[in-house]
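Asker: sequence and predicted structure are below.
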There are 2 protein chains.
Amino acid sequence: MTTPQNLLSNLAKPAQAFSKAEQKVADAILANPELTTRSSIARLAQAAAVSEPTVNRFCKRLGATGFPDFKLKLALSLASGARFINSAVAEDDTAPTFTPKIFNASIHALEKTRDSIDPKLIHHVIDEVVASKRIYFFGQGNSGPVAQDAEFKFFRFNTPVSAHQDPLMQRMLAAASKPGDLFIIISYTGRTIGLVETARLARDSLGTVISITAPASPLARASDLAITLDVGEDTDEYLPMTSRLAQLTLLDVIATGVTLRQGQAHRPHLARIKASLASTRFNSAEQDT
Amino acid sequence: MTTPQNLLSNLAKPAQAFSKAEQKVADAILANPELTTRSSIARLAQAAAVSEPTVNRFCKRLGATGFPDFKLKLALSLASGARFINSAVAEDDTAPTFTPKIFNASIHALEKTRDSIDPKLIHHVIDEVVASKRIYFFGQGNSGPVAQDAEFKFFRFNTPVSAHQDPLMQRMLAAASKPGDLFIIISYTGRTIGLVETARLARDSLGTVISITAPASPLARASDLAITLDVGEDTDEYLPMTSRLAQLTLLDVIATGVTLRQGQAHRPHLARIKASLASTRFNSAEQDT
DNA sequence: CTTATAAATGTATTTTTATTACATACTGTG
DNA sequence: CACAGTATGTAATAAAAATACATTTATAAG
């Protein structure tokens, strides 16, 4: 993806030392950025009540090579929802204002994750999943539901799978592991003592450990493979959730990869699962709940 | 946000009846779309080995008003990751190709949800949450983990909250409800018989029911308030997951709204929760797990 | 296999748009 | 208040895009 230039927030920044005429240009653009992306330099110059070269200089000052390039960058930063990204939710926000902010933060986190994932690593993880005889998903606290979700996702494969949130259960299963057992451990911080110890136990007993966690964390070091997610997290106030979306999507990527690897083999199995759900629905059944 | 034009996928579509020269233009653009957004019409014409008016006509045929407008739209569809959106994961995809596809599908789902949410409805939902004395999150199957996640999220408020996935438990709690009890029921299809009955039971007993579900579904009709999500779902093959991301983010929006409404009041409570987690971490504690 | 006709493409021109060079008007400082 | 130095505008030039129109190419009827 193109580097987000985020022109727009630069424009609005009061710290920017614009000259009088340039400020007029900035104001005119801010008044209707959408329109600006489709305007000619003459039109914008008129709207700002300045001369055309002033507009041109303004564009160059902001890092564009000229007016057309500026319009392009502006359009790009408009498209990426930059309008809200940098602005955290504030005390005086109301539903119409904070709703897009939160969605945009989530979108931004997914974009960031998408651009930072190493496909080779994913490939290796899929290898491990396909090779495994038994899969355990472990998570505690907020990551517990993620593990559970993964269980549903991986249930369609023929490999036995289960999710566990209870630390004692996790520890027992890890200690009893044997080759062919795959432990996928999810932890945003990678610092939860219980999970790190569990990972070590599992490897000591010859199980394989894959973690989805923070870069350079104790858990990452204690794993055979670590998919590290560095989603710049929300403030102290608002509990982390964007990381969970990234984790969930990542697990979906892995599940999809496994599906593709298995090809046609697993499909009858899938059909059986669907059929078993039909009777729990008011007609026109779909696959989810 | 701007309507995604998705020019790019139109370009690649083989169904498009392009003439010989126009096909050359399409190929030239597809060869390097990024570059095209910064090219002049002359440069592109040369790259495609056609005349300039041909390029211009090509642009108009694709719905642009001219070449500059075409470049703008192309840049926009490039930025929105349109490269992959319409292209479902295919049998011959490998990790480097399907990974961005899945992330983009998720991003797209969130964008769609963001643009379809009615802030007034969110406002009402927040009213109900703030007014409630007890909150229950119900979900079955894939939505179970979402309910559980919500429990974590809402735990920081002083209102007692719990999540339940067991149908019998759900039914019992619903039947025993009283005014002040708020049931938030999550179901992608809105057709799970057990959940719809549970909703009715809860309302019969004077509890309040809010659902996060499909538009015009039995569950939506059985609820006091229904937040409907219509995330065009994945194919039959790949189980629905984008809907869950939308649900999760939506719950985050609601939780944020409640936080803002409560203002400073709940903060000591939050601090206490954080302190209680500190000892489970390897130094430098963060808030998630 | 012509030939008429329409569609497609290209050439040359005009119009629009952007940039540059340069002149003028400000701003602040000694 | 004069003199840098910067900021802005004017006018000319260059670049880009769109148009009008000519030519070619394909298509179908005879």
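Answerer: Received, thanks.
Asker: what residues does stretch A:60-71 touch?
Answerer: For stretch A:60-71, the surrounding residues in contact (C-beta atoms under 8 Å, 6 or more residues apart in numbering or on different chains) are A:5, A:7, A:10-11, A:22, A:36-39, A:41, A:55-56, A:59, A:73, B:38, B:68, B:72. (Glycine included, C-beta is placed from N, CA and C.)
Asker: just these that are near DNA strand D?
Answerer: Counting by C-beta under 7 Å from any atom of the strand, the subset of these that neighbours DNA strand D consists of A:E22, B:P68.
Asker: would you list the buried entries among the contacts of stretch A:60-71?
Answerer: Judged by neighbour count, with 16 or more other C-beta atoms under 10 Å in any protein chain shown as the criterion, the buried members of the contacts of stretch A:60-71 are A:5, A:7, A:11, A:22, A:36-37, A:39, A:41, A:55-56, A:59, A:73, B:68, B:72.
Asker: now intersect the residues you listed with the helices, please.
Answerer: Cross-referencing the buried ones among the contacts of stretch A:60-71 with the helices (criterion: DSSP state H) gives A:L7, A:L11, A:E22, A:T36, A:I41, A:V55, A:N56, A:C59, A:K73, B:P68, B:L72 as the overlap.
Asker: what about the residue lying closest to A:L76 once chain neighbours are set aside, how many residues nearby?
Answerer: On the basis of C-beta to C-beta, 6 or more residues apart in numbering or on different chains, the spatially nearest residue to A:L76 that is not a chain neighbour turns out to be B:A79, at 5.1 Å. Other residues lying near B:A79 total 20 when counted by other C-beta atoms under 10 Å in any protein chain shown.
Asker: surely B:A79 is in contact with A:K73?
Answerer: No - between B:A79 and A:K73 there is no contact, the gap being 10.6 Å when judged by C-beta atoms under 8 Å.
Asker: hmm, back to that, and which of the ones in helices among the buried ones among the contacts of stretch A:60-71 is nearest DNA strand C?
Answerer: Here the nearest of these to DNA strand C, counting by C-beta to the nearest atom of the strand, is A:I41; it sits at 3.2 Å.
Asker: could you find the closest non-adjacent residue to that closest one?
Answerer: Nearest-residue entry for A:I41: A:F67, 4.6 Å, with adjacent residues in sequence omitted and distances by C-beta to C-beta, 6+ apart.
Asker: what about A:A95, how many neighbours?
Answerer: The burial metric for A:A95, expressed as a neighbour count using other C-beta under 10 Å, is 21.
Asker: for it, give me phi and psi.
Answerer: According to degrees, to the nearest 10, the main-chain angles of A:A95 amount to phi -50, psi -50.
Asker: so it sits against B:K120, correct?
Answerer: Yes - with contact defined as C-beta under 8 Å, A:A95 counts as touching B:K120 (7.3 Å).
Asker: and for these two, which residues touch both?
Answerer: With contacts taken as C-beta under 8 Å, 6+ apart, A:A95 and B:K120 have no neighbour in common.
Asker: burial count for the closest residue to A:L173 other than its chain neighbours?
Answerer: Leaving aside its sequence neighbours, A:L173 sits nearest to A:Y136 (C-beta to C-beta, 6+ apart; 5.8 Å). By other C-beta under 10 Å, 26 other residues sit near A:Y136.
Asker: who's A:Y136 bridged to?
Answerer: A:S162, A:F183 (DSSP bridges).
Asker: pretty sure it is touching A:Q165, no?
Answerer: No - applying C-beta under 8 Å as the test, A:Y136 and A:Q165 come out as separate, 11.5 Å apart.
Asker: of the ones in helices among the buried ones among the contacts of stretch A:60-71, which are in range of DNA strand C?
Answerer: Near DNA strand C, judged by C-beta under 7 Å from any atom of the strand, the entries from those are A:I41, A:N56, A:C59.
Asker: would you list those residues in JSON lines and tack on pLDDT?
Answerer: Below are those laid out as JSON lines (pLDDT from 0 to 100):
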{"residue": "A:I41", "pLDDT": "92"}
{"residue": "A:N56", "pLDDT": "93"}
{"residue": "A:C59", "pLDDT": "90"}
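Asker: of those residues, closest to A:D27?
Answerer: A:C59 (15.1 Å; C-beta to C-beta).
Asker: and the closest one, what does it touch?
Answerer: A:G66, A:F67, A:D69, A:F70.
Asker: so how far is chain B from it?
Answerer: As judged by C-beta to the nearest C-beta, to the nearest Å, A:C59 and chain B stand 14 Å apart.
Asker: tell me the spacing between that residue and DNA strand D.
Answerer: Using C-beta to the nearest atom of the strand, to the nearest Å, one obtains 13 Å as the distance from A:C59 to DNA strand D.
Asker: what do you get for A:K133?
Answerer: From A:K133 to DNA strand D the distance is 60 Å (C-beta to the nearest atom of the strand).
Asker: and A:K178, what is it in contact with?
Answerer: For A:K178, the residues meeting the contact criterion (C-beta under 8 Å, 6+ apart) are A:S205, A:L206, A:G207.
Asker: how many residues are close by the first one?
Answerer: Put plainly, it is A:S205. By the measure other C-beta under 10 Å, the count of residues near A:S205 is 15.
Asker: the stretch 151-289 of chain A: strands as residue ranges?
Answerer: Assigned by DSSP state E, counting those that start in this stretch, the strands in the stretch 151-289 of chain A fall at A:161-164, A:181-186, A:208-213, A:225-228.
Asker: for the residue in the stretch 1-150 of chain A positioned nearest to DNA strand C, grab phi and psi.
Answerer: Ranking the residues of the stretch 1-150 of chain A by distance to DNA strand C (C-beta to the nearest atom of the strand) places A:G66 first, at 2.0 Å. The phi and psi values for A:G66, taken as degrees, to the nearest 10, are phi 180, psi -170.
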